[in-house]
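**Q** Quick one, structure for this:
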Amino acid sequence: MSKKIVIIGGGTSAKNAAQGIRKGSKDVDITIIQANKFVEWPIPMTMVLVNPELHPKALHNNPAKYEVKGVNYVYGVAESVDTSKKIVNLAGDISSTEAAKQIPYDILIVATGFHMPLIYPGLGVTLESRMEEVRRVADVIAKANTCVVAGGGVVGLEMVGDIRAKYPEKRIILACRSGVLKQWDQSWQKKVEAQLKKMKIEVLLGNESAPAEPSLEPGTMKIGGNDVNYDVYLPMFGQGPNTKYLQGTDVLDAKGNVDVNEFLQSKAAGEIFSVGVSNAPEPFICIPKLEAQWNSVSANVVATLSGRPMKAHKEGMPGMKLPMGVLIGHGPNAYAYIDFNQVPAPCKCCCCMGYVGWPCCPPCWPCCACGGCGCCPLGYCCTPPEGKGPATLMGKTPFFFGTQQFPGMGEGVPVQQTMQN
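**A** Below is the predicted model of the structure:
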């Protein structure tokens, strides 16, 4: 009898884990439990929340194209997991036909990503509801005089930069607990803070009690002991993994991550594996890190099914301890930095640690079209790899990477109307 593999999650990790298992073992019954009957690429969402006409480019609503062939799909929200009976209980489903409320498994893969309102769609919402939410957020931002964004990490910086890139006159406040980019060294923090000041983006410290949910209505919040009025409030900080359905089990650690061993296998329940939402000792989550994880998990699941020993997971791009780019928005009206300390050695050498560029390096000339600004996307020759060139390039690549993971993304999705001031 075929073993039942269940994967909870609807993003690239779930898809690639399923493909890896299918490739390694034909005699398996794989089911993906996906909360929404569409796929949304999260990387460009700060742009999209300001420019809703871009939203279709980040969406895939054709299951015939995004579903993995030979894999069963159940569109519903995981409510709980009974680890003793090996059953996933669903809160409901959004399929056109009634799906089973209990999904049994022999092996369970948890790949549900992180909770960050607005950057990710709500669990179980329809495509129409999600598009309306994005349109409404963009409409409120367009009409707002004061926008408060909470979170001093990379997502918060992208959000304030994208608002500023489109609306040069609005008051924009970045509310941070203790400053921007706290994982970076002080030299990075200082130059980013200086650029924020140039872009007239205020940084206010002391938002320990920042609300976790957005507010699209005018309100007031405490920042550093002071009352700050806003027209729109956007929380742009991570709120932990989407693993509430595992609460009450012994699978999670105190932070809600799946507590795993070196095989990305649950210490408490050996039939459970995790991609992207475990306490594996990795500095942050990005596609190269996720790719190594879904490859490890799919290989270890296949090994388990065949009775072979598993192999310890190895971190993807171990030299990369921080994101390769820091963006204060996207596009020619924004500003971005590329950190060549985080890129693979061949790229460091090819690009002279980022100091190669326009006009002195002929191999860079074809890239000018990518940057779209008359200079190398990495910047000008003999200057640091930062500025409008990288920001312009980064305004184009997120959608491209989405189509690489989900071919056909953006095709056949209703076009959003551009909001007016």
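**Q** how about the strands of the stretch 201-350 of the chain, start to end?
**A** 201-205, 219-223, 226-230, 232-235, 272-274, 325-328, 335-338 (DSSP state E, counting those that start in this stretch).
**Q** burial count for the residue nearest to Lys101 when sequence neighbours are not counted?
**A** Nearest residue to Lys101, sequence neighbours excluded (C-beta to C-beta, 6 or more residues apart in numbering): Leu90, at 5.1 Å. C-betas here are computed from N, CA, C, even on glycine. Counted by other C-beta atoms under 10 Å, the residues lying close to Leu90 total 21.
**Q** picking up where we left off before, return the most buried member of the strands of the stretch 201-350 of the chain.
**A** Ranked by average neighbour count under the criterion mean count of other C-beta atoms under 10 Å, those are headed by strand 272-274 at a mean of 27.
**Q** how distant is that strand from the center of its chain?
**A** Offset of strand 272-274 from its chain centre (C-alpha atoms, centre = their mean, to the nearest Å): 20 Å.
**Q** who wins for proximity to Tyr245 among the strands of the stretch 201-350 of the chain?
**A** Closest approach to Tyr245 among those (C-beta to C-beta): strand 272-274, 11.9 Å.
**Q** Return the list of helices and strands in contact with that closest one.
**A** Judged by 3 or more C-beta pairs under 8 Å, 6 or more residues apart in numbering; DSSP states H and E, strand 272-274 is in contact with strand 107-110, helix 287-306.
**Q** Which one of these lies nearest to Tyr233?
**A** When the helices and strands packed on strand 272-274 are compared by C-beta to C-beta, helix 287-306 sits nearest Tyr233, at 29.5 Å.
**Q** related to what we said a few turns ago, quick one: the residue nearest to Lys101 and Gln102 touch, right?
**A** Yes - judged on C-beta atoms under 8 Å, Leu90 makes contact with Gln102 at a distance of 7.3 Å.
**Q** So which of the helices and strands packed on strand 272-274 is the most surrounded?
**A** The highest mean neighbour count among these, using mean count of other C-beta under 10 Å, belongs to strand 107-110: a mean of 28.
**Q** I'd assumed Arg308 was in contact with Asn300.
**A** No - using C-beta under 8 Å, Asn300 is not in contact with Arg308; the gap is 9.5 Å.
**Q** Show me the shaky parts of the protein.
**A** Segments of the chain classed as low confidence (criterion: pLDDT under 70) are 1, 92-100, 342-383, 415-421.
**Q** Helices of that one, start to end?
**A** Under the criterion DSSP state H, the chain contains helices at 12-24, 45-50, 63-66, 127-143, 154-166, 186-198, 287-306, 345-350, 368-371, 388-405.
**Q** Please point out which parts of the third one sit buried.
**A** It refers to helix 63-66. Within helix 63-66, the residues that qualify as buried are Tyr66, counting by 16 or more other C-beta atoms under 10 Å.
**Q** on contacts alone, who are the packing partners of it?
**A** Applying 3+ C-beta pairs under 8 Å, 6+ apart, we find helix 63-66 packed against no helix or strand.
**Q** Same question for the fifth one.
**A** Contacts defined by 3+ C-beta pairs under 8 Å, 6+ apart place helix 154-166 against helix 45-50, strand 146-150, strand 171-176, helix 186-198, strand 201-205, strand 325-328.
**Q** any chance of the helices and strands packed on strand 272-274 in JSON lines, plus distance to Ala17?
**A** Output for the helices and strands packed on strand 272-274, formatted as JSON lines (distance: least, C-beta to C-beta, whole Å):
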{"stretch": "strand 107-110", "distance to Ala17": "6"}
{"stretch": "helix 287-306", "distance to Ala17": "4"}
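**Q** Out of the ones you listed, the one nearest Val277 is which?
**A** Comparing the helices and strands packed on strand 272-274 by C-beta to C-beta, strand 107-110 comes nearest, at 5.9 Å.
**Q** Next, the contact list for Lys267, please.
**A** Contacts for Lys267 (C-beta atoms under 8 Å, 6 or more residues apart in numbering) come out as Asp259, Val260, Asn261.
**Q** can I see the domain layout of the chain?
**A** Split into domains by automatic domain parsing, the chain comes to 3-125+240-306, 145-237, 322-415.
**Q** Just send those back as a markdown table, with distance to Gly316 too.
**A** Formatted as a markdown table, the domains of the chain follow (distance: least, C-beta to C-beta, whole Å):
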| stretch | distance to Gly316 |
| --- | --- |
| domain 3-125+240-306 | 3 |
| domain 145-237 | 18 |
| domain 322-415 | 11 |
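**Q** out of those domains, which comes closest to Ala138?
**A** Proximity to Ala138 (C-beta to C-beta) singles out domain 3-125+240-306 among these, at 4.2 Å.
**Q** Do me a favour and get the end-to-end distance for the closest one?
**A** Using C-alpha to C-alpha, to the nearest Å, the end-to-end distance of domain 3-125+240-306 comes out at 11 Å.
**Q** now swap in stretch 319-338 and tell me
**A** Stretch 319-338 stretches 15 Å from its first residue to its last (C-alpha to C-alpha).
**Q** can you check stretch 78-90 too?
**A** The straight-line separation of the ends of stretch 78-90 (C-alpha to C-alpha) is 5 Å.
**Q** measure Val148 to Met236 for me?
**A** Between Val148 and Met236 the distance is 10 Å, computed by C-beta to C-beta, to the nearest Å.
**Q** what do you get for Gly402?
**A** As judged by C-beta to C-beta, Gly402 and Met236 stand 20 Å apart.
**Q** Which one's more surrounded, these two?
**A** Remark: of Gly402 and Met236, Met236 carries more neighbours, 27 against 23, as counted by other C-beta under 10 Å.
**Q** quick one, what contacts the more buried one?
**A** Counting by C-beta under 8 Å, 6+ apart, Met236 touches Thr46, Met116, Ile119, Val149, Ala150, Gly151, Gly153, Val155, Gly156, Glu158, Met159.
**Q** try 7 Å
**A** For Met236, the contacting residues are Val149, Ala150, Gly151, Val155, Gly156, Met159, by C-beta atoms under 7 Å, 6 or more residues apart in numbering.
**Q** wait, isn't the last one in contact with Leu234?
**A** It refers to Met159. Yes - counting by C-beta atoms under 7 Å, Met159 does reach Leu234; the two are 6.1 Å apart.
**Q** which neighbours do the two share?
**A** Contacts common to Met159 and Leu234, judged by C-beta under 7 Å, 6+ apart, are Val149.
**Q** which ones are touching Ala269?
**A** Thr83, Val251.
**Q** swap in the one 4 residues further on?
**A** With contacts defined as C-beta under 7 Å, 6+ apart, the neighbours of Phe273 are Ile109, Leu264, Gln265, Val297, Asn300, Val301.
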